[in-house]
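Colleague: Provided below are the primary sequence and the corresponding predicted coordinates.
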Amino acid sequence: MAASAVAVPTRAEVLLLYRSLLRVARQFCDYNIREYSNRRTIDGFRDNKKLTDPSQLSAAFSDGKTQLEVAKRQALVYSLYAPKVKSIIDIKPC
């Protein structure tokens with residue numbers, strides 16, 4: 001009975017989660033962490049693209065929401081202790 005009560009996320013909810021994770025990734029000051037977060041988000045969604053089982057879909061979606069909360073907290077912590085000098089990669093040529 002519990003398996004049929006699993007709420008499957010809609011396509012709009014999944015896309016909102018994807019965009020939110022990419023948006024939070026842009027908030028990291030450090031280039032390496034920013035790119036790692038982007039890469040991890042894209043790879044995670046590609047890996048779960050073919051899921052069809054409702055319980056696996058719900059588990060992957062809830063894991064993604066958990067990762068979003070972790071990324072938000074980490075972005076805040078990293079912004080509090082951001083280096084005063086930018087990395088050479090972050091400096092854009094004029």
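Modeller: Ah, there it is.

Colleague: which residue sits closest to the residue most central in space within the chain, ignoring its sequence neighbours?
Modeller: The chain has residue 21 as the residue nearest its centroid, 3.1 Å off, counting by Cα atoms, centre = their mean. What sits nearest to residue 21 in space, not counting adjacent residues and going by Cβ to Cβ, 6 or more residues apart in numbering, is residue 41, at 4.4 Å. All C-beta spots, glycine's among them, are computed from the backbone N, C-alpha and C.

Colleague: Show me which positions of the helix or strand in which the one you found is found end up buried.
Modeller: Secondary structure from DSSP states H and E places residue 41 in helix 31-47. Residues of helix 31-47 classed as buried by neighbour count (16 or more other Cβ atoms under 10 Å): 34, 37, 41, 44-45.

Colleague: hmm, back to that, if I look at the residue nearest to residue 21, how far off is residue 85?
Modeller: For residue 41, the distance to residue 85 (Cβ to Cβ, to the nearest Å) stands at 27 Å.

Colleague: ok, now residue 33?
Modeller: Taking Cβ to Cβ, one finds residue 33 at 16 Å from residue 85.

Colleague: and the gap between the closest residue to residue 29 other than its chain neighbours and residue 44?
Modeller: Once flanking residues are discounted, residue 29 sits nearest to residue 82: 4.2 Å by Cβ to Cβ, 6+ apart. Distance of residue 82 to residue 44, computed by Cβ to Cβ: 26 Å.
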